[in-house]
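> I'd like to go over a predicted model; first the sequence, then the structure.
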Amino acid sequence: MIYLQVIVGGLLLGAVYALFSSGLTLIWGMMNFINFAHGEFVMLGMYVAFLVVVWLGGGPPVFSIAAALALFVLGVGVYLALVRHVIRGPMLAQILSTFGLALLLRYTAFWIFSANFVTLPQTSLAGTIKLGGLFLPTAQLVTGIVAIALTLALHLLLTRTTVGSKLLAVAEDRAAAMLMGIRPDRMQMLAWGLSAGAAGIAGALMATAYPWSPSVGETFGLIAFVVVALGGFGSVLGSLYAGLIIGLIQAISAFWLGAIYKDIVVYALFVALLWFRPQGLMGKA
Amino acid sequence: MKRSLPARLPVVLLAAALLLYPLIFTGAFYRDIGVTFLLAAISASAWNIVGGYAGQVSVGHSMFFGLGAYTPLLFYSLWGWPPMAGIPAGIALSIALALVVGLPTFRLTGHYFSMATIAVAELIRIFTGTWDFVGAAIGLQGPATARGWWDLTFRGELPYYYLFLAVLAVLLAVTSVIERRRFGLYLRAIKASERAARSLGVPVRRTKMKALVLSAAFTSIAGSLYVIKTGFIDPDSGFGILISVQMVIVAALGGAGTLFGPLIGALILIPLQSATNTWFGGGGSGLTYILYGGIIVLIARFEPGGLFELWQRLAPVLRNAFRNRRQVWGRHV
C-alpha cells in the first residue's frame, strides 16, 4: 500500500511538472528558443497566489486565475521587450537574455520575500481524502487533476482550434504563414503569454499543496528541461507523459534513496538522455 | 605580422599598470580586490575560449572550477600532499568531464550544450553535498599554516597577486596564439555559422571539443588557484551556479570572443561588486546578483558584443567629432 501511495503522489506532482513544462516546450517548438527563466515564471506564479490570498483573500480558483493572468501579461511583456529583439541575434544574446532574466527574477524574489520557505494560508483545499486505502491531501489531488486537464486543454487548443493552427503554422514556416495572412509576431507573442500563463497557474496550483522559497525556480527550470528532453521538443502531449514519468521517478527515488537524491536521479537521467536519445523518447530520430 | 610600438602601447600600459598596482596600492583591501580581479579575469578568459570564441555558451562552467578546487584539497586531506600537487589531477578530471558533456551535445544545436552544462553543474553540486568522501555539505579544508613554500600558503596577498598575474599572462598568451592560428579561424567560422563552416570543410565537432577541453583545463586551474588562496571549499563556492554566472557576465560585459574583453569586464565588475558589498553589508551580495541579472539582460538586448565592440563602434565617431570640432575652432579663432 505504501508503494501505491508513493506512486500516486509522484504522478500527482508529475502532472504539475507536465503543465509548466508544456509551456517551455511550446516556445521551444515554435521558435527554437530556450527560456531559461521558465522556472522563475513558476516561482512567480506561487508568489502571485500568495500575495492575492494575503491581500485580497479568495479561494483557489481566484488566485490560480490571477496567477495565470499576471504571468500571461509578464510573458507577453518579456517577448515584446526582450525576446523579439534577440531571436535573430547571435546565440550568446539568445541564451543570455533569458538567463539574465532568470537571475534578475530569482534574486529580486530573494530580496523581497527572503530565502525562507512559505506556505499558503489554509485554503478550502486543506485536509485529506481517503480513497480506497490511500490517504491523499486534497490539495495534491485537486492540483494534479486540474494540471492534467489544463495540459490536455493546451494540447487541444494547439491541435483543434484555428488559433492553434496559426501557432503551428508559424512554427512550421514563418514566411509561408505570413503569406497566409498570419502575423508571426502576434502569434509568438501569444505563445509567450500562454507559456508563461501555464507556468503561472502551475505555480499557483503547487502553492496550495507544497511549501516553497525563491530558489525553487532553479529546480523547476531544470525539471522542465528534463521533461521536455524526455517528451520531445515541441510536443505538449509528449511533455504530459514525460512529466508524469519524471514525477514518478522522483517519488520512487526519494522513497528508496532519500529525498536529497530525487533531483540527482532526474538530472542524471537528463545527461543520459542527451547521450542516447537527444530527440526524446517520443521524438523521431 | 609584426605590430608597431604605438599599436601595442595600450597592452604595454595595461601590463605595466597590473604589475605596479599592488606596489602603489599597498593596503590589504586594495590588494584583496586586485587578487579577486585577477581570479575573475582568469576564469572569464578561460570561459571565453569556448563561450566567446567558439560561441558555445556554457552556463555551467563551475563544474570545471569546482573540480579544480576540490581535487587539491582532497589530496591534502587524504594524504597530506601539498595542494599544488592536485592541480594536474584536477585538470585531467575536468577534461574527462568536458568530454562527457561535449561529445553528445556538440552533435546538436547550441541550446542543448547550454542546457546540459547547467544541469551537469547542478547535478555535481547536489551530489557533492551528499558525498562524505569529499566533505559533503561542509566541504574541505587546506593546510592552515604553511609547512614549507610548496604549500603556497602565504600570509600576505602579494605572492598570490603575482602568481595569479603570471597565470593570466600565460592564458592570454595562449589565447592570442589561438586567435592567429587556423584553429582560431575555425572557431570564428563556427561561431558565425556552423552550417557554413561545415560546408567549407571545418571539422566542426572536433574544433568545438578542442575549445571546450582547453577552456575546461584553464577553468580548472582557476579553481585550483582559488582554493590555494582561500584554503577552503564547499559545494556552493565550488560548483554553485553563481560561479558560472560570474564567468559569463565578466566575459560578456567586456566582450565575449575578444582577447581583452574578460579583462575589461573584470575591471568594471569586481570593484562594483566590492562597492555594493561595502555599501550594503552582508545583504549586498543579493543586490549584486540582481544587478548582474539586469546587466546580462541589457547586454543581450542592446550590446551582445559587449563594451569592447561598443568602443570599436564609438571610437571612430568620437574621433571624427573631436576632429571636426577642432577644425571649427581653428576657423573661428
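Structure received.
> please enumerate the strands of the stretch 1-150 of chain A.
A:128-131, A:134-137 (DSSP state E, counting those that start in this stretch).
> now, of the ones you listed, which is deepest in the fold?
strand A:134-137 (a mean of 16; mean count of other CB atoms under 10 Å in any protein chain shown). All C-beta atoms are positioned from the backbone trio N, CA, C, and that covers glycine.
> which strands and helices sit next to that strand?
Packing partners of strand A:134-137 (3 or more CB pairs under 8 Å, 6 or more residues apart in numbering or on different chains; DSSP states H and E): helix A:2-31, strand A:128-131.
> quick one, what contacts residue B:231?
Contact analysis of residue B:231 by CB atoms under 8 Å, 6 or more residues apart in numbering or on different chains lists B:73, B:83, B:141-144, B:153.
> actually residue B:61, sorry about that
Contacts for residue B:61 (CB under 8 Å, 6+ apart) come out as B:43, B:46-47, B:51, B:117, B:121, B:215-216, B:219, B:243-244, B:247-248.
> now secondary structure too, for those, in CSV please.
Output for the contacts of residue B:61, formatted as CSV (DSSP: H, G, I helix; E, B strand; the rest coil):
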residue, secondary structure
B:43, helix
B:46, helix
B:47, helix
B:51, helix
B:117, helix
B:121, helix
B:215, helix
B:216, helix
B:219, helix
B:243, helix
B:244, helix
B:247, helix
B:248, helix
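> need these in TSV with neighbour count, can you?
What follows is the contacts of residue B:61, written out as TSV (neighbours: other CB atoms under 10 Å in any protein chain shown):
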residue	neighbour count
B:43	31
B:46	31
B:47	30
B:51	32
B:117	26
B:121	27
B:215	27
B:216	31
B:219	34
B:243	26
B:244	27
B:247	29
B:248	30
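> which residues does residue A:132 contact?
Taking CB under 8 Å, 6+ apart, we find residue A:132 in contact with no residue.
> that older thread, drop anything exposed from the contacts of residue B:231.
Among these, those buried by neighbour count (16 or more other CB atoms under 10 Å in any protein chain shown) are B:73, B:83, B:141-143, B:153.
> among those, which lie within helices?
Taking DSSP state H as the definition of helices, the buried ones among the contacts of residue B:231 contribute residue B:73.
> the helices in the chain, which residues?
Going with chain A. Using DSSP H, the helices of chain A run over A:2-31, A:38-56, A:60-78, A:84-86, A:91-113, A:138-160, A:162-172, A:174-179, A:184-209, A:216-231, A:236-257, A:261-276.
> not quite, I wanted chain B
Under DSSP H, chain B gives helices at B:5-24, B:28-48, B:62-79, B:87-105, B:110-130, B:158-180, B:182-192, B:194-199, B:204-230, B:235-239, B:241-254, B:261-280, B:284-302, B:306-332.
> any idea which helix or strand of chain A has the worst average confidence?
Here the helix or strand of chain A ranked lowest by mean pLDDT, DSSP states H and E is strand A:128-131, holding a mean of 81.
> circling back to that earlier point, how about CSV for the contacts of residue B:231, with pLDDT added?
As requested, the contacts of residue B:231 are exported to CSV (pLDDT from 0 to 100):
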residue, pLDDT
B:73, 92
B:83, 84
B:141, 84
B:142, 80
B:143, 78
B:144, 74
B:153, 73
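> so which of the contacts of residue B:61 reach chain A?
B:51, B:248 (CB under 8 Å from any CB of the partner chain).
> any idea which of the contacts of residue B:61 is closest to residue A:96?
Distances from residue A:96 to these, taken as CB to CB, are shortest for residue B:248 (7.0 Å).
> spit out the contact partners of the closest one.
A:96, A:99, B:44, B:47, B:51, B:57-59, B:61, B:296.
> do that again at 10 Å, thanks
Counting by CB atoms under 10 Å, 6 or more residues apart in numbering or on different chains, residue B:248 touches A:92, A:95-96, A:99-100, A:103, B:44, B:47-48, B:51-52, B:57-61, B:256, B:265, B:292, B:296, B:299.
> isn't residue B:257 up against residue B:188?
Yes - using CB atoms under 10 Å, residue B:257 is in contact with residue B:188, at 7.8 Å.
> find residues that contact each of these two.
By CB under 10 Å, 6+ apart, the residues touching both residue B:257 and residue B:188 are B:53-55, B:179.
> can you tell me how far residue A:160 sits from residue A:192?
Distance, residue A:160 to residue A:192, by CB to CB, to the nearest Å: 21 Å.
> between these two, which is the more surrounded one?
Ranked by neighbour count (other CB atoms under 10 Å in any protein chain shown), residue A:160 and residue A:192 place residue A:192 first, with 28 against 10.
> contacts only, for the nearest residue to that one once chain neighbours are set aside.
Nearest residue to residue A:192, sequence neighbours excluded (CB to CB, 6 or more residues apart in numbering or on different chains): residue A:79, at 3.8 Å. Counting by CB under 10 Å, 6+ apart, residue A:79 touches A:27, A:31, A:85, A:87, A:185, A:188-193, A:195-196.
> for ChimeraX, what selects the buried ones among those?
Restricted to buried positions by 16+ other CB under 10 Å, the ChimeraX selection for the contacts of residue A:79 reads:
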select /A:27,31,188,189,190,191,192,193,195,196
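> lowest-confidence entry in the contacts of residue A:79?
Least confident of the contacts of residue A:79 in the model: residue A:31, at 85.
> doesn't residue A:174 make contact with that one?
Yes - A contact is recorded between residue A:31 and residue A:174 when judged using CB under 10 Å, the distance being 9.4 Å.
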